[in-house]
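Visitor: Can you look at this prediction? I've put the sequence above it.
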Amino acid sequence: MSTIALRPLSRSLFQKSSKACQPCCRAGTQRWHSSKSGFNALREKLPPLNHDKLGGLPDKPARTRFAPSPTGYLHLGSLRTALFNWLLARATGGQFIIRVEDTDRTRIVVDAVERLFSDLKWAELDWDEGPDIGGAYGPYVQSERLHHYQTHVSQLLESGRAYRCFCSQDDLTRHKMQAMLDNKQSGAYPGTCRSISPSVSERRAAAGEQHVVRFRSSGRPSFIDSVYGRYQRNEDEPDFILIKSDGYPTYHFANVVDDHLMDITHVIRGAEWLISTPMHISLYEAFKWTPPTFAHVGLLCNEKGEKLSKRNQDIDVSSYRNKGILPSALNNWLALLGWSMDPKHTANGKGEVIYPLSAMSEKFSMKFTKGSARANAKKLDHFQRFHVSHALADPNYDQAALRRQVVDPVAAVLSEMTEHLRGKTELQLASPHNPKHVISTPDFSEPVPQLASGDPAAAGDYILRALRGVKDLPSGPAGLVYDHPSMFFRPSPRAYALHADKHSDARLAKLADVGADPWALLRDLRAAIEAVPEAEWTEDRLQGVIDDFCAANTAAVRAAREAKGEVVGEEDGGAIRKTVLEGVYQLLKLVLTGDPGRGARPAKMQLAILGRDESLLRFKMCCDP
């Protein structure tokens, strides 16, 4: 029979070569044949690709699974795999199953399964069957399914498709070393124990001789992948191990047996498993089982195109959880790393922001991109801002989830900083040995009363008001405190004293240039704000007071200059109005933040959120430093 070889690449279906069969190249695959007749025979044996079905959804409910190994914690790549399988199950009205593959007994992390369930629940991925909830196809932990693997490996031994291998590790090492010395490309197991008769094999095993069970491979099986099309390795499959010497199955064997027994119809996994799938196909053929539909998605890479390393803690899902990233934002970002959304869902440049998972499942398809996907952190920030804004504005959003996902991370940052401020003098806070956290701590003395009350609910309400008042939300809780520290901490007397010279700021100095005294303006502004009663302390009322104050003082400056005989034309009048307006808002910045150079926009919002008492206290501290 003619030999063939397909070589999948990262971004094209298959690489073309001058040595490859040209008809095959035109068909989108790379093959080598011993003759033209070999090509014709192969074409008859392997049906052509149905490009219309590649990427489409199945017409029946899909049973998918996420099968992690408890050798570590959930990372970005694994979460994306779980998400794709979850979306396919939900898009087709099928079932999503969790199965724990714990056959690698030497590398198990004690709390990995517990953390796995916690992270998946945080990511809002629910499952229909699994170790914690059971199901008709259980148990869902491989170490509890050993009888299934023994039953099926016995079938392969009886049929001659598997055999016991008694080679020691030293034997295998010597073979690999010899293969290297002989310049052989492959150091695969040479089949030393293939010829041992079943009776001798059984007798040696019964006597307690250590052994493994290997699959008797033959040929080069091919399969059609939903992403890469027809795939076949360019070398024969080795006699891979099914059962290890400790009696536990290998990943490859247990994976196939479990997928069949659990009626899994579709397997979406990383492209690193593409090269192993022919082994799995060999097992399906040996058992005369129908394999599931496979879809291998590209690996996640950093922005330099390098594979994300498990040693990098930033790929651990818990790190995003701890940063206050919303699960919906993380899911949205991950889904678009390798999934080609239908163009009709990206109209007006807004279609890529999909809020609930249910909406994502309605738009889902199996149109995955070939090759690696670069994880752009700035894109995640973009999604985070959109999703937080949506959560804050949506009256139907789960309020408990809003508190847990958005408010609590901010509260945690504030709690850490409050603990840092507690009991320290301004001199200690100003020390170069003092950690600065996300703001310059000498500029702030204590948290606002709403956060210092000891009432978590009241503090949560205050944080929620602050979040809803901010127009340009940062991507994380620390960013909110960094951008708006004066909304959460009271400026220190040191900060007000440092900026007591109202002429030190350029915009405030301009007030004197047009004939307005910054000190007098500050006192009058304080009186105007103080005249607003508690019952009317709203953004609209405060903005009206500020507008009236600016208009009145613009008119006063103009009148004073005209009284001196100056002619104030339209252009000069506009300049006066601009200078007074900018000066008043610089004074408000000084009052609210302790520093006219620090942002406090919009001032009416911050005044309203701080409340009347806190706002007037800051006016007093600023006027009497």
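Guide: Yep, that arrived. Treat the numbers as computed from the prediction; the structure is a model and nothing was measured. Numbers count the residues shown, from 1 in each chain.
Visitor: Tell me how far residue 540 lies from residue 472.
Guide: Here the criterion is C-beta to C-beta, to the nearest Å. By it, residue 540 lies 21 Å from residue 472. C-beta here means a position set from N, CA and C on the backbone, and glycine is covered the same way.
Visitor: Next secondary structure after the one helix or strand in the chain whose mean pLDDT sits lowest?
Guide: Here the helix or strand of the chain ranked lowest by mean pLDDT, DSSP states H and E is helix 36-45, holding a mean of 43. Following helix 36-45 in sequence order, the next helix or strand is strand 63-66 (DSSP states H and E).
Visitor: mind listing what residue 265 touches?
Guide: Contacts for residue 265 (C-beta atoms under 8 Å, 6 or more residues apart in numbering) come out as 58, 60, 62, 63, 64, 94, 292, 293.
Visitor: between the residues you listed, which has the most around it?
Guide: The residue in these with the most neighbours, by other C-beta atoms under 10 Å, is residue 64 (25 neighbours).
Visitor: I'd like to know how far residue 129 sits from residue 578.
Guide: Shown here: residue 129 relative to residue 578, a distance of 67 Å by C-beta to C-beta.
Visitor: Which one's more surrounded, the two?
Guide: A count of neighbours by other C-beta under 10 Å puts residue 129 above the other of residue 129 and residue 578, at 20 against 13.
Visitor: quick one, what contacts that one?
Guide: The contact partners of residue 129, by C-beta under 8 Å, 6+ apart, come to 95, 97, 98, 135, 136, 137, 138, 140.
Visitor: so it bridges to which residues?
Guide: residue 97 (DSSP bridges).
Visitor: And it, what's its pLDDT?
Guide: On pLDDT, residue 129 comes in at 98.
Visitor: do residue 452 as well
Guide: Reported pLDDT for residue 452: 88.
Visitor: Identify the residues contacting it.
Guide: By C-beta under 8 Å, 6+ apart, the contact list for residue 452 reads 418, 446.
Visitor: Use 658 as the first number from now on
Guide: Sure, I'll start numbering at 658, so the last one becomes residue 1109.
Visitor: And it, how far from residue 895?
Guide: Taking C-beta to C-beta, one finds residue 1109 at 68 Å from residue 895.
Visitor: Over to residue 1268?
Guide: 73 Å.
Visitor: before we move on, what about residue 1145?
Guide: According to C-beta to C-beta, residue 1145 and residue 895 sit 62 Å apart.
Visitor: Give me the more crowded residue out of the two.
Guide: In this view residue 1145 and residue 895 are compared by other C-beta under 10 Å, and residue 1145 has more residues nearby, 24 against 16.
Visitor: ok, that one touching residue 1122?
Guide: No: contact criterion C-beta atoms under 8 Å: residue 1145 and residue 1122 do not qualify, at 11.6 Å.
Visitor: can you give me the helices in the stretch 1008-1157 of the chain?
Guide: With DSSP state H, counting those that start in this stretch as the criterion, the stretch 1008-1157 of the chain has helices at 1014-1020, 1034-1050, 1056-1059, 1065-1078, 1083-1086, 1106-1109, 1113-1126, 1134-1140, 1150-1155.
Visitor: Out of those, which gets nearest to residue 764?
Guide: Closest to residue 764 of the helices of the stretch 1008-1157 of the chain, according to C-beta to C-beta: helix 1034-1050, at 29.5 Å.
Visitor: can you give me how far that closest one is from the chain middle?
Guide: Centre-to-centre, helix 1034-1050 and its host chain are 12 Å apart (C-alpha atoms, centre = their mean, to the nearest Å).
Visitor: Next, the residues that contact it from outside, please.
Guide: Identification of contacts with helix 1034-1050 by C-beta under 8 Å, 6+ apart yields 960, 982-983, 985-987, 989-990, 1010, 1012, 1054, 1058-1059, 1062-1063, 1121, 1124-1125, 1130-1133.
Visitor: Please indicate which of the residues you listed are buried?
Guide: The neighbour count (16 or more other C-beta atoms under 10 Å) marks 982-983, 985-987, 989-990, 1010, 1012, 1054, 1059, 1062-1063, 1121, 1124, 1130-1133 as buried among those.
Visitor: Could you measure from the residue nearest to the spatial centre of the chain over to residue 959?
Guide: The residue lying closest to the centre of the chain (C-alpha atoms, centre = their mean) is residue 987, at 3.7 Å. Note on residue 987: its distance to residue 959, by C-beta to C-beta, is 16 Å.
Visitor: just residue 750 next, same as before
Guide: Taking C-beta to C-beta, one finds residue 750 at 37 Å from residue 959.
Visitor: repeat for residue 1209
Guide: In terms of C-beta to C-beta, residue 1209 sits 57 Å off from residue 959.
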